[in-house]
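# structure for the following, please:
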Amino acid sequence: MILVTGASGKLGRAILSALSHRDVVAAGSSRAARGSLRVIDFDEPRSISLSGVDTLVLVSAGEAEDDVVIARHDAAITAAERDGVGHVVYTSLTSAGDHLGFALAHRWTERRLEQSTLSWTILRNGLYADLFGSLLGWSGNRLTSAFGDGALAAVRREDLAEAAAVVAEAPHRHEGRIYDLVGTPVTAAEVAERLGVPLVDVTLDRRRQELDRAGLKPFQPAMLMSIHTSVRHGFLDTPGPDLGHLLGREPGDTLAVAAAAAQASAPAA
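Next up, the predicted model:
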């Protein structure tokens, strides 16, 4: 059996859907009871049971501080070792993302897997195209960006989900492999052009002040600023072949996804 964790989230749900379209039997888990999802709470390690799971797709349990995420991932991997899981597919962070404020937990988890008794595959996922679009702002009818001239080798969530399904369906073909799943570079200027609106560049300091006033969780402003800074200074703009190789086709239009996400937050006319 294939089990996908975090299946109530967007990526986990998309992976389950991709597996179903490949006629592969898979189940999903969530920390809370939702529909047909199996309840697995990584914050309660003694309650975790992975018996009968052949392949575990471990979707990163983010949206928390590093130590919290690390503890969750350690609990999942420990349970996988104990319960005889055959293979773990882990959704990690792009190789170029070491400068990002949420990289530490990903790299720790990769090392934990490499030192475990498990067979594994690591999917180093690039940042989502819709995230890039959502991090743009608006001033009236003008799009604002703190990304400068920098580009992001963005990816569509659906493409990442399909790549994860390809690996989970035949994990023996991908044992011990680390794939860097990045896409076509997208810039704020291209998003503005696609939307037909003017673009205004704002400083990193202004964006930092906006995030500080946004009422986010304590760890989020620094994490989001690390994305702005890394893109602006050219650390996340390099494409690669792995995603297309796993998909057997060219990845989808990331600019369209980024533009749609930016448009969704535009002020009402």
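# end to end on stretch 201-215, go ahead and measure it.
23 Å (CA to CA, to the nearest Å).
# my guess is residue 27 is in a strand, correct?
Yes: Residue 27 forms part of a strand when assessed by DSSP: H, G, I helix; E, B strand; the rest coil.
# hey, what's it bridged with?
Residue 27 has the following beta-bridge partners by DSSP bridges: residue 3.
# do you know how far it is from residue 120?
20 Å (CB to CB, to the nearest Å). To be clear about C-beta, it is placed using only N, CA and C from the backbone, and glycine gets the same treatment.
# out of these two, which sits in the more crowded spot?
Between residue 27 and residue 120, counted using other CB atoms under 10 Å, the more crowded position is residue 120 (23 against 16).
# could you pull up phi and psi at the more buried one?
phi -150, psi 160 (degrees, to the nearest 10).
# surely it and residue 88 touch.
Yes: using CB atoms under 8 Å, residue 120 makes contact with residue 88 at a distance of 4.7 Å.
# okay, and the common contacts of these two?
Shared contacts of residue 120 and residue 88, defined by CB atoms under 8 Å, 6 or more residues apart in numbering, comprise residue 113.
# show me what contacts the closest residue in space to residue 40 that isn't next to it in sequence?
The shortest distance from residue 40 to any non-neighbouring residue, by CB to CB, 6 or more residues apart in numbering, is to residue 29 (4.1 Å). Shown in contact with residue 29 (CB under 8 Å, 6+ apart): 3-7, 37-40.
# swap in residue 243?
126, 155, 159-160, 163, 179, 181-183, 251.
# just checking, which of these belong to strands?
In strands, judged by DSSP state E, the following of those are found: 179, 181.
# now, among the contacts of residue 243, which is nearest to residue 265?
Taking CB to CB as the measure, residue 265 sits nearest to residue 155 out of the contacts of residue 243, at 20.2 Å.
# run through the residues that contact the closest one.
Applying CB under 8 Å, 6+ apart, the residues contacting residue 155 are 125-129, 181-183, 243, 251, 254.
# cool, residue 56 as well?
Counting by CB under 8 Å, 6+ apart, residue 56 has contacts 2-3, 5, 50, 76, 80, 85, 87-89.
# and it, helix, strand or coil?
Residue 56 - assigned by three-state DSSP - is strand.
# could you measure residue 61 against residue 259, distance?
For residue 61, the distance to residue 259 - CB to CB - is 30 Å.
# to clarify, my last question referred to residue 52.
Residue 52 is 43 Å from residue 259, where distance means CB to CB.
# ok, whatever helix or strand residue 152 lives in: who's next to it in the sheet?
Element membership of residue 152 [criterion: DSSP states H and E] is strand 151-153. Strand 151-153 sits in its sheet next to strand 185-187 (antiparallel), going by DSSP bridges.
# now do the partner strand: distance to the chain's middle.
17 Å (CA atoms, centre = their mean, to the nearest Å).
# which helix or strand lies directly C-terminal to that strand?
helix 188-195.
# what does the helix or strand following that following helix rub up against?
Going down the chain from helix 188-195, the next helix or strand is strand 199-201, by DSSP H and E. With CB under 8 Å, 6+ apart as the contact definition, strand 199-201 has outside contacts at 139, 142-146, 148, 188-189, 192.
# from the chain's centroid, how far away is strand 199-201?
Per CA atoms, centre = their mean, the centroid offset for strand 199-201 relative to its chain is 27 Å.
# just the buried residues of that strand, please?
Across strand 199-201, burial judged by 16 or more other CB atoms under 10 Å covers residue 199.
# try stretch 180-198
So stretch 180-198, judged by 16+ other CB under 10 Å, has buried residues 180-192, 194-195, 197.
# same question for it, mean pLDDT?
The pLDDT scores in stretch 180-198 average 97.
# pull up the distance across it, start to finish.
Taking CA to CA, stretch 180-198 runs 34 Å from one end to the other.
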